[in-house]
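> quick one, fold the following:
(one chain, ligands or ions: 1)
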Amino acid sequence: MNDTIDFDRYDRIRPIRWTGQALELLDQRKLPFAVEYVSCEDSDAVAAAIHALTVRGAPAIGIAAAWGVVLAAKTIEADDGATALARIEPAMQRLNAARPTAVNLAWALARMRRVLAVAGADWREVLAREAQAIADEDLAANRRMGALGAALIEPGNGVLTHCNTGSLATAGFGTALGVIRAGVAQGRIAQVYAGETRPWLQGARLTVWELEQDGIAPILIADSAASHLMKTGKVGWVIVGADRICANGDTANKIGTYQLAIAARHHGVKFMVAAPSSTVDMETASGDLIEIEERDPGELFAVGGNRTAAERVGAWNPVFDVTPHELIDAIVTERGVIERPDAAAMKAAFGG
Ligand SMILES: CSC[C@H]1O[C@H](OP(=O)(O)O)[C@H](O)[C@@H]1O
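From the prediction side, this is the model:
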């Protein structure tokens, strides 16, 4: 076992590219069968890309929104930041409305507002520097989280992950998938199991693709096989990401996470949430206050454009759920590990 991570091998995918004039997004609707970037020339194109899941994943949508603000600045005339802020606010509201659950979107926009409000005549350059800083800090946070989370994993076990929390969902390396990459690199993880993650198949399409780029061979399972896998004793940890972690540790994440946590506790499997501090929302007291995004029921009727459901059927498509903090064994951020998270532990770690 070693404690080094070869980032040249494990951190090569970049879903978001800033050209200086436009934002290029790796189109995650088309992976793994096509690797294509789309170019966003204005902030509304970025908002549309976030809503359409062209770019997705809590940290990644925050980063994309920050660059969306930079694109919006191209259309604004102002001599200082405060004047620009008033004029750019409508575009920021449209970016914020793109998706409701991941706090990173609002967090990134609030950060852009803070620097713009006090900027001078160079306010456009200030915005661009802040967007780049948000991306750079996310990458550094993911690499630190990887090491902190991997250190919790006893060597020799398998791990199960859900959805996609890798480079595609962040500035690079990933959150939960970063922990898994680090655990594999250090020889701690014997086998990675990936849940397909219906209906959008982030696991089957994105996580499997990412791991294959690293030379890691995951085993794909149906979402409905997760409890049965845990019963076999082959998995020591369930490791997932987050879209919003509340002041008491309740965590919103991809739909299906909650039932994984229930099954994990029943089978004595440990449950880890890995997310940067930009996903922590100390303003929201508990998980019942989180707005859960519901998407087009049509996402349940077909896969890859091929219908899989009988005709004339209704559907309900919430795309997140909330795992109560009592079912979480560890929350890992770049600031450290919170074991058995609750309101007191979160306050000690994040203030508020
Ligand atoms: C590090 S990504 C966090 C989070 O975002 C994903 O949701 P979506 O694919 O709908 O953007 C999923 O919940 C991940 O765990």
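> strands of the stretch 251-352 of the chain, start to end?
Using DSSP state E, counting those that start in this stretch, the strands assigned to the stretch 251-352 of the chain run over residues 251-254, 270-274, 280-281, 302-303, 306-307, 320-323, 330-333, 336-339.
> ranking those strands by burial, who's on top?
Across these, averaging neighbours per residue (mean count of other CB atoms under 10 Å) puts strand 251-254 on top, at a mean of 28. For every residue, glycine as well, the C-beta is placed using N, CA and C.
> which one of the strands of the stretch 251-352 of the chain lies nearest to residue 124?
With CB to CB as the criterion, residue 124 lies closest to strand 280-281 of the strands of the stretch 251-352 of the chain, at 29.3 Å.
> re earlier: so which of the strands of the stretch 251-352 of the chain gets nearest the ligand?
The stretch from the strands of the stretch 251-352 of the chain with the least distance to the ligand (CB to the nearest ligand atom) is strand 251-254; that distance is 3.4 Å.
> got the contact list for stretch 258-274?
With CB atoms under 8 Å, 6 or more residues apart in numbering as the test, stretch 258-274 has contacts from 145, 149, 152, 160, 162, 165, 175-176, 178-179, 195, 226-227, 230-231, 235-242, 245, 251, 253, 321-324, 327-333.
> of those residues, which are in range of the ligand?
With CB under 6 Å from any ligand atom as the criterion, the contacts of stretch 258-274 include 165, 175, 240-242, 253 near the ligand.
> using TSV, please lay out these together with pLDDT and secondary structure.
Written out in TSV, the entries for those read as follows (pLDDT from 0 to 100; DSSP: H, G, I helix; E, B strand; the rest coil):
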residue	pLDDT	secondary structure
165	98	coil
175	98	coil
240	99	strand
241	98	coil
242	98	coil
253	98	strand
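> ok, how many other residues are close to residue 17?
13 (other CB atoms under 10 Å).
> and it, what are its phi and psi?
Backbone dihedrals for residue 17, given as degrees, to the nearest 10, come out at phi -130, psi 130.
> ok, now how distant is the residue nearest to it when sequence neighbours are not counted from residue 128?
The shortest distance from residue 17 to any residue other than its chain neighbours is 4.1 Å, reached at residue 24 (CB to CB, 6 or more residues apart in numbering). If you measure residue 24 against residue 128 using CB to CB, to the nearest Å, the figure is 15 Å.
> all strands for the stretch 1-150 of the chain, in order.
Going by DSSP E, counting those that start in this stretch, the stretch 1-150 of the chain shows strands at 16-18, 23-26, 37-40.
> pick the most buried one from the ones you listed.
When you average the neighbours per residue for each of those (mean count of other CB under 10 Å), strand 23-26 leads with a mean of 22.
> show me what from the stretch 1-150 of the chain comes close to the ligand.
By the criterion of CB under 6 Å from any ligand atom, the positions of the stretch 1-150 of the chain lying close to the ligand are 56-59.
> can you convert the strands of the stretch 1-150 of the chain into CSV and add a column each for mean pLDDT?
Written out in CSV, the entries for the strands of the stretch 1-150 of the chain read as follows (pLDDT from 0 to 100):
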stretch, mean pLDDT
strand 16-18, 97
strand 23-26, 98
strand 37-40, 98
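> distance to residue 300 for the ones you listed - can I get that in TSV?
Supplementary listing: these in TSV, determined by distance: least, CB to CB, whole Å:
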stretch	distance to residue 300
strand 16-18	28
strand 23-26	25
strand 37-40	25
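> out of the ones you listed, flag the one nearest residue 138.
Each of the strands of the stretch 1-150 of the chain was checked against residue 138 via CB to CB, and the shortest separation belongs to strand 16-18, namely 10.0 Å.
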